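Trainee: One predicted model, sequence on top.
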Amino acid sequence: MLNPRVAKALNEQIVKEYYSAWLYLQMAAWFERENLKGFAQWLRIQAQEESCHGLIFYNYICDRGGDVKLGAVGAPDQSFKSALDVFERGLKHEYTVTASINDIMDVAVKERDFATQSMLKWFVEEQVEEEANFGEISSKLKLLGAKAGDGMLFLDKELGARAFSLPPPLVGKFGAVAAAP
């Protein structure tokens, strides 16, 4: 049976993961308007990943006999100034998600919930990758500067090549195909 304090933290994380999906989908919409389809594609896939993360927490709570308690997901900000602004905000958001995962790990450690600690290790590693991805794109955008020109189009093409893949914790799990926003 899932510890109530751990269950509460995991349920709160589901909302945070789906907020992340909405945020990245909103960011993708900004790039659509700017006619940068590759950036939009990258962020759509990021939104799919975040939805999958929410589903991983959902499945885990169910597998442990806990009660899933879905909360409301707030509307993300819609005002972005530039491609760099989008990715800097994305990086800042990923720092917040990392802190949240770390907080859940703290609860699991205090409650001696070793199964949850084991499950969270995947998310700890995933957050290193998430921060690195947003950081790398932010750095490239800084190098391009305000007058990006051909470099922006090259980066747009590069980001558009990203393909979605189901996160390993969902491979073979029932219902995983419903993760795309």
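Mentor: Structure's in. What do you need? Quick caveat: nothing in here was measured; it's all calculated off a predicted structure.
Trainee: Could you use CA atoms for every contact and neighbour count after this?
Mentor: Fine.
Trainee: residues in contact with the most centrally placed residue in the chain?
Mentor: Compute the mean C-alpha point of the chain, and by CA atoms, centre = their mean the closest residue is residue 50, 3.8 Å away. Listed by CA atoms under 8 Å, 6 or more residues apart in numbering, the contact set of residue 50 reads 17, 18, 20, 21.
Trainee: Can you flag the buried ones in those residues?
Mentor: 17, 18, 20, 21 (16 or more other CA atoms under 10 Å).
Trainee: Skip the chain neighbours and tell me the closest residue to the second one.
Mentor: So that's residue 18. Spatially, and ignoring its direct neighbours in sequence, residue 18 is nearest to residue 51 (5.6 Å; CA to CA, 6 or more residues apart in numbering).
Trainee: buried stuff in the helix or strand hosting the one you found?
Mentor: Applying DSSP states H and E as the criterion places residue 51 in helix 37-63. Under the neighbour-count criterion of 16+ other CA under 10 Å, helix 37-63 has 37-61 buried.
Trainee: same check, this time on stretch 103-119
Mentor: Under 16+ other CA under 10 Å, the buried positions of stretch 103-119 are 104, 105, 107, 108, 116, 117.
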